[in-house]
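> please work out how this folds:
(chains A and B)
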Number of protein chains: 2
Amino acid sequence: MNAGKSGSLAGIAFREAQADDLPAIVRLLADDALGRERERYAVPLPDTYRVAFESIAGDPNNTLIVAVDGADEIVGVLQLTVIPSLTYQGRSRALIEGVRIAASMRGRGLGREMFGWATGLARERGCRLLQLTTDKRRPDALRFYQSLGFVASHEGMKLELQD
Amino acid sequence: MNAGKSGSLAGIAFREAQADDLPAIVRLLADDALGRERERYAVPLPDTYRVAFESIAGDPNNTLIVAVDGADEIVGVLQLTVIPSLTYQGRSRALIEGVRIAASMRGRGLGREMFGWATGLARERGCRLLQLTTDKRRPDALRFYQSLGFVASHEGMKLELQD
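Residues are numbered from 1 along each chain as shown, chains lettered A, B, ... in the order given. Next comes the predicted model:
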């Protein structure tokens, strides 16, 4: 599942996340203007993250993908969900959530490579469509996804379910 | 899993779809300005729909919900997907796709009831967030979702993966 890279991405590889990666992934999720408000990176890690990781790892339709550098440090993450679906004559669709690139690696093409890897996986799984939502407060992210060919044809709507 | 209704929704109930419901569901998906272009309702039904239905029915994180009238005719459908997730401190989110209401039943509050039922299921499954995307060419749908409390905080982006 590795892919060698050249140039400024030399040494970067992509693979499925393992349980040992979890603290570094949560740190990455929390290191972001919007993520800071909702995550809690602490040592030891809150148990809720471990439980969620096991649910993802145990579900064949969910894959947590990490980008690692030459020292096997986590520098990017995203989650790919394959959704079996009746629409489009019964073709699955793939959803991407939880995309983060380490601050030190931004602007170097890592996001593009990581999406290329995720798109390949979605195709392998027979998906007809790849979809995501991006917060309207992140104009740079919108431009990035447009540069990959994503079309903002839909409104992305959220309803918080309070406990 | 049934819920009795009063007034113009008397006799309507919600339940998980069964294999026998599939032709009626596909007919409903196809009976729509956008669905017409992408679905193929025929007798016998193309096998791809049957395969997709089995994938959904066999996945505990996917539930196909139908609304049925007093004669057990399908008058509404939606798919709820529970997505285990690290974000929000490891809380799952729920995604809704493939929402259709039979033409004969529109404007009578059925969509609102069906979403109420789906939201209850998402809460039971521990979801922190309910999300969906709606095509910008469907302004009525946008207003409907806003009336339910959904906020159009995100762009909904799609990338078609051609074979």
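> lowest-scoring secondary structure element of chain A by mean pLDDT?
For chain A, counting by mean pLDDT, DSSP states H and E, helix A:35-38 ranks last in confidence among helices and strands (a mean of 76).
> quick one: buried residues of that one?
Residues A:Gly35 are the ones in helix A:35-38 that count as buried (16 or more other CB atoms under 10 Å in any protein chain shown). Placement of C-beta: from N, CA and C, glycine included.
> run through who's touching it.
Outside of helix A:35-38, the residues that reach it under the criterion CB atoms under 8 Å, 6 or more residues apart in numbering or on different chains are A:Leu29, A:Ala30, A:Arg100, B:Thr87, B:Tyr88, B:Gln89.
> centre of the chain to it, how far?
16 Å (CA atoms, centre = their mean, to the nearest Å).
> now find how far off-centre stretch A:77-91 is within its chain.
In this view, stretch A:77-91 has its centroid 15 Å away from the chain centroid, taken as CA atoms, centre = their mean.
> now do the strands in chain A.
Taking DSSP state E to define them, one finds strands in chain A at A:13-16, A:62-68, A:74-83, A:93-101, A:129-135, A:151-160.
> format those strands as CSV; extra columns: mean pLDDT, mean neighbour count and distance to A:Phe144.
As requested, these are exported to CSV (pLDDT from 0 to 100; neighbours: other CB atoms under 10 Å in any protein chain shown; distance: least, CB to CB, whole Å):
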stretch, mean pLDDT, mean neighbour count, distance to A:Phe144
strand A:13-16, 96, 17, 18
strand A:62-68, 97, 22, 15
strand A:74-83, 98, 23, 13
strand A:93-101, 96, 22, 9
strand A:129-135, 97, 22, 9
strand A:151-160, 98, 19, 12
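> in CSV: these, plus distance to chain B.
Listed next are those as CSV, based on distance: least, CB to the nearest CB, whole Å:
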stretch, distance to chain B
strand A:13-16, 14
strand A:62-68, 6
strand A:74-83, 5
strand A:93-101, 5
strand A:129-135, 4
strand A:151-160, 3
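> how about CSV for these, with distance to B:Gly35 added?
Output for the strands of chain A, formatted as CSV (distance: least, CB to CB, whole Å):
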stretch, distance to B:Gly35
strand A:13-16, 35
strand A:62-68, 27
strand A:74-83, 17
strand A:93-101, 15
strand A:129-135, 14
strand A:151-160, 15
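> is the longest helix seen in chain A positioned near chain B?
Looking across chain A with DSSP state H, the single longest helix is helix A:110-124. Yes - Helix A:110-124 lies within reach of chain B by CB under 8 Å from any CB of the partner chain, at A:Thr119, A:Ala122, A:Arg123.
> chain center to that helix: distance?
Taking CA atoms, centre = their mean, the mean C-alpha location of helix A:110-124 is offset from the chain mean by 10 Å.
> if we can go back for a sec, list buried residues within the residues of helix A:110-124 next to chain B.
Among those, the ones that count as buried by 16+ other CB under 10 Å are A:Thr119, A:Ala122.
> ok, so of the contacts of helix A:35-38, who is nearest B:Leu130?
Comparing the contacts of helix A:35-38 against B:Leu130 with CB to CB picks out B:Tyr88 as the nearest, at 12.6 Å.
> just the buried positions in stretch A:24-44, please.
A:Ala24, A:Ile25, A:Val26, A:Arg27, A:Leu28, A:Leu29, A:Ala30, A:Gly35, A:Glu39, A:Tyr41.
> tell me the pLDDT of the third one.
What that stands for is A:Val26. If you check A:Val26, the pLDDT there is 95.
> who's in contact with it?
Going by CB under 8 Å, 6+ apart, A:Val26 touches A:Glu39, A:Tyr41, A:Leu45, A:Tyr49, B:Leu86.
> please name the nearest non-neighbouring residue to the first one.
Same thing as A:Glu39. Closest residue to A:Glu39 apart from its sequence neighbours, by CB to CB, 6 or more residues apart in numbering or on different chains: A:Ala30 at 3.8 Å.
> what's the answer for the fourth one, then?
Nearest non-adjacent residue to A:Tyr49, counting by CB to CB, 6+ apart: B:Gly90, 4.5 Å away.
> now do that neighbour: how many residues are near it, please.
For B:Gly90, the number of neighbouring residues by other CB atoms under 10 Å in any protein chain shown comes to 25.
> please apply the same query to A:Asp72.
13.
> now it: how far from A:Asp20?
From A:Asp72 over to A:Asp20 the distance is 10 Å, taken as CB to CB, to the nearest Å.
> could you do A:Met157 as well?
On the measure of CB to CB, A:Met157 and A:Asp20 end up 36 Å apart.
> in the buried residues of stretch A:24-44, find the pair that's most separated.
Maximum pairwise distance among the buried residues of stretch A:24-44 (CB to CB): 14.0 Å, between A:Ala24 and A:Gly35.
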